[in-house]
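> Let's see this in three dimensions:
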Amino acid sequence: MLCLLRAPAVEAFRFSSASVALPLGLAYLAGTLEAEGIEFSVVDCVASAPTTKRRYHKGYLIGLPHEKILDRIPSDTTIVGLSIIFTHEWPAMVRLIDLIREARPEITIICGGEHITSMPEFSMATSKADFMVLGEGEETLIELLRTIDSGRSMNEIDGLVYRDGDRIVTNKRRARRIDLDNIPWPAWHRFNIDLYSKHRYVGGMDVPDVTIPLLATRGCPYQCTFCSSPNMWTTRWVARDPKRVVDEIEHYMREFGARNFPFQDLTAIIKKDWIVAICEEILNRGLDITWQLPTGTRSEAIDLEVAMLLKKSGQISMTYAPESGSDRTRQYIKKKVNADRLVESVKACAEADLNIAANVIIGFPHETDELIAENIPFARRLKAAGCEDF
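As a prediction, the model looks like this:
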């Protein structure tokens with residue numbers, strides 16, 4: 001029996017702006033497992049103890065203490081699946097893997113997610129996990145589970161890292177999926193959505209409504225040097241059918257009473273006609289919702305026409321990702337953002353009365369005090385244009 005385990009979350013306000021939210025990756029895996037008729041359980045350590053916090057370096061771990069997690073793993077569990085997005089989660093995850101290995105040595109441990117895909121050999125070498133799944137995990141997990149059951153060799157499973165004696169073997173990557181509309185929706189009924197919303201673990205702006213995250217696209221066509229996306233997703237941006245995206249929104253409204261939807265896409269707004277189609281689909285159906293883009297997006301496709309349509313369709317929060325106020329730094333990190341075009345786009349969103357945020361990274365290896373200082377006039381310029389959060 002497989003157990004999908006959502007480990008205690010890192011509240012990483014001292015590391016980054018990352019916030020605790022529903023586990024979208026695990027929910028997608030759960031949806032695929034159900035569609036394949038594979039039995040599994042879910043242990044959500046955050047939902048089990050949402051107000052329990054312990055110091056973790058300069059932040060906190062939220063959820064069940066590690067020692068209590070073992071009691072929640074069902075006795076018939078033979079495989080545990082873990083997802084790790086951020087590298088600063090890894091030390092805590094290694095500790096959890098150690099505890100599972102010590103208490104239940106018969107359990108097979110599978111890890112996946114952004115951190116694992118970025119550093120698979122390191123992750124395998126620094127933990128006692130059995131398998132690492134690279135990139136999109138739905139197809140690889142199903143194939144791995146069936147291979148474990150059959151006892152066949154692991155060397156033909158694309159997107160897998162595994163141990164062969166003392167060797168760490170990395171198979172070739174699995175091809176990206178382009179049939180996104182055929183991927184089963186996340187199985188949110190296996191998670192406590194209301195509890196996450198009650199405790200404001202929403203991964204975006206705090207609103208009073210029930211919140212469920214979405215992915216309307218996968219991947220990003222850009223190659224920013226600091227980002228794990230080219231490794232995790234390649235540089236292929238694939239968008240879902242706008243009608244199917246809004247179908248999913250309507251389903252969550254009916255099933256869970258959700259009214260707020262943060263789009264957790266890497267770069268949702270690339271094609272103007274696509275985002276316009278999303279807005280028009282929401283408006284044509286008369287949906288009374290709010291939705292957000294909290295993870296950072298590009299500015300090229302957002303003019304006043306698009307901004308007004310976003311607002312009319314219920315969009316309330318727009319996050320841009322210039323990453324630096326220094327032209328030289330943006331050049332070094334291959335962040336192809338034109339500052340003047342960004343400012344015009346921010347002005348358009350401000351005129352449409354959207355909440356506007358901008359993501360900036362300080363501390364690139366090349367940065368001098370002079371380059372870092374260039375963020376100050378940049379911040380002032382964005383504020384004058386209507387940006388409210390930095």
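
> roughly how far out does the host helix or strand of Thr140 sit from the chain middle?
Taking DSSP states H and E as the criterion, Thr140 maps to helix 138-150. A distance of 23 Å separates the centroid of the chain from that of helix 138-150, by CA atoms, centre = their mean, to the nearest Å.

> can you check stretch 110-119 too?
On CA atoms, centre = their mean, the centre of stretch 110-119 falls 12 Å from that of its chain.

> Show which residues not belonging to it make contact with it.
25, 79-87, 89-90, 93, 97, 123, 127, 129-135, 137, 140-141, 144, 228, 231-232 (CB atoms under 8 Å, 6 or more residues apart in numbering). Bear in mind the C-beta positions are built from the backbone N, C-alpha and C, glycine included.

> who are the neighbours in contact with Met318?
So Met318 contacts Gln292, Leu293, Thr297, Ile302, Leu310, Cys349, Leu354, Asn355, Ile356, Ala357 (CB under 8 Å, 6+ apart).

> Kindly report the same for Ser228.
Per CB under 8 Å, 6+ apart, neighbours of Ser228: Glu114, His115, Thr117, Ser118.

> switch the cut-off to 10 Å
Ile85, Phe86, Thr87, Glu114, His115, Thr117, Ser118, Met119 (CB atoms under 10 Å, 6 or more residues apart in numbering).

> in stretch 262-281, what counts as buried?
The neighbour-count check on stretch 262-281 (16 or more other CB atoms under 10 Å) flags 262-270, 274-279, 281 as buried.

> actually stretch 185-192, not the one I wrote
Those would be Trp185, Pro186, Ala187, Trp188, Arg190, Phe191, Asn192, for stretch 185-192 by 16+ other CB under 10 Å.

> lowest confidence element among the helices and strands of the protein?
Ranked by mean pLDDT, DSSP states H and E, the weakest helix or strand in the chain is helix 229-233, scoring a mean of 82.

> State the next helix or strand along the chain beyond that one.
strand 238-239.

> Could you give the separation of whichever helix or strand comes after that next one from the chain centroid?
Counting by DSSP H and E, the element after strand 238-239 in chain order, helix or strand, is helix 242-256. Centroid displacement of helix 242-256 relative to its chain, using CA atoms, centre = their mean, is 19 Å.

> And the residue nearest the centre of the chain?
The chain has Gln264 as the residue nearest its centroid, 6.0 Å off, counting by CA atoms, centre = their mean.

> so where's this protein shaky on pLDDT?
For the chain, applying pLDDT under 70 flags the ranges 12-18.

> that older thread, and the buried residues of stretch 262-281, which of them are in helices?
Trp274, Ile275, Val276, Ala277, Ile278, Cys279, Glu281 (DSSP state H).

> The first one is in contact with Asp265, isn't it?
No. Between Trp274 and Asp265 there is no contact under CB atoms under 10 Å: 11.3 Å.

> Now do the shared contacts for those two.
Ala216, Thr217, Ala239, Arg240.

> rewinding a little: could I have the helix holding Thr140 exported to CSV, CA atoms only?
Taking C-alpha atoms only, helix 138-150 is exported to CSV below (Å, rounded to 0.1, in the frame of the first residue of the first chain):
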residue,chain,number,x,y,z
GLU,A,138,2.5,11.3,-12.7
GLU,A,139,3.6,8.8,-15.4
THR,A,140,6.9,7.9,-13.7
LEU,A,141,5.2,7.1,-10.4
ILE,A,142,2.7,4.8,-12.0
GLU,A,143,5.4,3.0,-14.0
LEU,A,144,7.6,2.7,-10.9
LEU,A,145,4.8,1.2,-8.7
ARG,A,146,4.0,-1.4,-11.4
THR,A,147,7.7,-2.2,-11.8
ILE,A,148,8.1,-2.7,-8.1
ASP,A,149,5.1,-5.1,-8.0
SER,A,150,6.5,-7.1,-11.0
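
> Would you mind putting the CA coordinates of the next helix or strand after it into CSV?
As assigned by DSSP H and E, the chain's next helix or strand after helix 138-150 is strand 160-164. Extracted C-alpha coordinates of strand 160-164, given in CSV (Å, rounded to 0.1, in the frame of the first residue of the first chain):
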residue,chain,number,x,y,z
LEU,A,160,14.1,7.7,-12.4
VAL,A,161,17.1,7.7,-10.1
TYR,A,162,17.8,4.6,-8.1
ARG,A,163,20.5,2.6,-6.3
ASP,A,164,22.3,-0.3,-7.8
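
> ok, then the element right after strand 160-164?
Taking DSSP H and E, what comes next after strand 160-164 is strand 167-170.

> in that next one, what's buried?
Ile168.

> next structured bit after it?
Following strand 167-170 in sequence, per DSSP H and E, is helix 193-198.

> What pairs with whichever helix or strand comes after that next one, parallel or antiparallel?
Counting by DSSP H and E, the next helix or strand C-terminal to helix 193-198 is strand 210-211. Strands adjacent to strand 210-211 in the sheet, as given by DSSP bridges, are strand 258-262 (parallel).

> Specify the angle between the partner strand and helix 242-256 in degrees.
Angle of strand 258-262 versus helix 242-256, following axes from the mean of the first three to the mean of the last three CA atoms, to 10 degrees, is 140 degrees.
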